[in-house]
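In: sharing a sequence plus its predicted fold:
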Amino acid sequence: MFFFRRTKCFQIAWKLSLAFFAFLMFFAPVQTALAQESEDAVYVVQDGDSLWEIAVRFRVSIDDLTQTNGITDPSQLSVGARLIIPGLEGIQGTLTTTTVGYGDNLRSLGRRYHLPVETLTQLNHIASPAELFVGASLVLLEENTAIEEKSRMLLTSGQSLLELAVINSTNPWTLALENDLPSLWQLISGDVMHSNENAASDESEISKPSALPGEIYTITINPSLLVQGNTSVMSIAAEQGTTFSGSLIDRELHFLESDDGSLTALQGIHAMTPPGLYSLTITGTLPADAAGNRPSFAFSQAVLVTSGNYPFDPVLTVSPETIDPAVTAPEDAEWAALAAPVTPEKQWEGSFTTPAPPPFSDCWPSKYGNRRSYNGSAYSYFHSGLDFCGGVGVNILAPAAGTVVFAGPMTVRGNATMINHGWGVYTGYLHQSEILVKVGDQVTPGQVIGLVGGTGRVTGPHLHWEVWVGGVQVDPLEWLETGFPSIQ
């Protein structure tokens, strides 16, 4: 009996060995052929591409790109050509790019596009998570861009995956597999799980924040790459009852409801902000769950501030008193404090109209942002507004509806007026010969509010016009050309 069992076991083992050997013989050539037919990670050149743009998009040097592809004449780059992208050894497929939106991080993007974080890191030559700033180019494999719609759910403090799955009517093991979790217990509080179950289908993937809870539908930042002296617009579409606050470059953001129901915050970028990466942080609370709890969330991501490329004005000679810090510091603080409050009523519609009548409406002797030197000082000053031509007595017009919050004399600014237009937006009118409004007055577009003069720190009569957004002076020309808030 014992001999029979041993023989039987031997026969079974022998048959299994033969089957395994046959499997190897059958499939090995196929695998070898596939490896031989595979190619490096390539990019197919599109109409309008240049070698420089491709190198920037894929974060490689032009020298490496030309050497890897044997390119001797960059001007001969042809549409449809297949360029091997260096530094992606071991990755095969056709490459494409998309833009990083606010609310994305490596972990969430990996879950969204079904790519391991290690692969995403290699594809994008990422050395630091900060490189995934808003507006950055994200390299992907084309086969991973056809993503399914996914629902997103926040894992709150102390919550288990089982509890999260029950609340969202899904399976904890499915969640673990879909989110590449090594176990049901290796969880991070505040993480956002993705699920193919119960996914909404009526929301665009564009600007969908994959690292934020599903109650937040979209977050849009315009422009995605911030510019010194410009106005940035942040808009959020979310489930009703979600609240938001935040900060950008150490300035508090105020989210207010727009006509379409979205929440919008306007914030100016100071003209002297050094170009580079800064944090945009958004926090808030979600609507109450079935137990009556309101989970909180917080997310921070880098945004890039780029140069406004402002020119340098010739050295200006002015009265020494008007550049004395003992005079300028308290006046600057008083003027900035006037533009600090954020009132919820938006009083303007569309773009602003010019505060100067024809023929002075498009005559600008000095524009916003120009770097300035006074009396031979360093170029540590900047022009905080837009100057209009016009002699003493020319009318000054209100560019939009608003409420007068200041009307009086100042040392540097001369006879000055400031108007509150709501939502943290203010306009200022400096160097007037005469002020025709008083604090508390409601003004309408085109109303005469003062007369051009030469009071304060000036080299001649003119109107100096300022626009303040979120406590920061911004380029007034933007507000003449754009109907804020504007989301593109």
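Out: Yes, it's here.

In: next helix or strand past the helix or strand hosting residue 450?
Out: Per DSSP states H and E, residue 450 falls inside strand 448-452. Next in sequence after strand 448-452, counting helices and strands by DSSP H and E, comes strand 463-469.

In: does anything pack onto the very next helix or strand once past that following strand? Which helices or strands?
Out: Using DSSP H and E, the helix or strand that follows strand 463-469 towards the C-terminus is strand 472-474. Where contact means 3 or more Cβ pairs under 8 Å, 6 or more residues apart in numbering; DSSP states H and E, strand 472-474 is packed against strand 263-268, strand 463-469. To be clear about C-beta, it is placed using only N, CA and C from the backbone, and glycine gets the same treatment.

In: what lies in contact with strand 472-474?
Out: The contact list for strand 472-474 (Cβ atoms under 8 Å, 6 or more residues apart in numbering) reads 229-231, 251, 267-271, 368, 384-385, 466-468.

In: strand partners (parallel or antiparallel) of that strand?
Out: In its sheet, strand 472-474 lies beside strand 463-469 (antiparallel), with partners assigned from DSSP bridges.

In: the strand it pairs with versus strand 263-268: what angle between them?
Out: For strand 463-469 against strand 263-268, the angle by axes from the mean of the first three to the mean of the last three Cα atoms, to 10 degrees is 140 degrees.

In: per-residue pLDDT of residue 214, please?
Out: Note on residue 214: pLDDT of 90.

In: which of the contacts of strand 472-474 sits closest to residue 399?
Out: Distances from residue 399 to the contacts of strand 472-474, taken as Cβ to Cβ, are shortest for residue 467 (8.7 Å).

In: mind listing what that closest one touches?
Out: By Cβ under 8 Å, 6+ apart, the residues touching residue 467 are 352, 385, 425-428, 473-476, 478-479.

In: count of residues packed around the closest residue in space to it that isn't next to it in sequence?
Out: Using Cβ to Cβ, 6 or more residues apart in numbering and skipping residues adjacent in sequence, the residue nearest residue 467 is residue 476, 4.5 Å away. Around residue 476 sit 25 other residues, with neighbours defined as other Cβ atoms under 10 Å.

In: before we move on, what about the one 10 residues further on?
Out: In terms of burial, residue 486 registers 14 neighbours under the definition other Cβ under 10 Å.

In: surely it is in contact with residue 221?
Out: No - taking Cβ atoms under 8 Å as the definition, residue 486 is not a contact partner of residue 221, at 11.9 Å.

In: now for the contacts of strand 472-474: which two are most distant?
Out: The span of the contacts of strand 472-474, defined through Cβ to Cβ, is set by 251 and 385 at 19.5 Å.

In: return the set of buried residues in the host helix or strand of residue 477.
Out: Per DSSP H and E: residue 477 is located in helix 476-481. By neighbour count, and taking 16 or more other Cβ atoms under 10 Å as the criterion, the buried residues in helix 476-481 are 476, 478-480.

In: and for stretch 140-147?
Out: Going by neighbour count (16+ other Cβ under 10 Å), the buried part of stretch 140-147 is 140-141, 144.

In: what's the offset of it from the middle of its chain?
Out: Counting by Cα atoms, centre = their mean, to the nearest Å, stretch 140-147 is centred 23 Å from the centre of its parent chain.

In: which residues sit against that stretch?
Out: 41, 91, 93-98, 112-115, 123, 205.

In: so what strands line up beside the strand holding residue 450?
Out: Counting by DSSP bridges, the strands paired with strand 448-452 are strand 395-397 (antiparallel), strand 425-435 (antiparallel).

In: among the ones you listed, which is nearest residue 441?
Out: Using Cβ to Cβ, the strands paired with strand 448-452 put strand 425-435 closest to residue 441, at 10.6 Å.

In: coming back round to it: redo the buried residues of helix 476-481 as TSV? Include pLDDT and distance to residue 49.
Out: Output for these, formatted as TSV (pLDDT from 0 to 100; distance: Cβ to Cβ, whole Å):
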residue	pLDDT	distance to residue 49
476	98	37
478	97	30
479	98	35
480	97	35
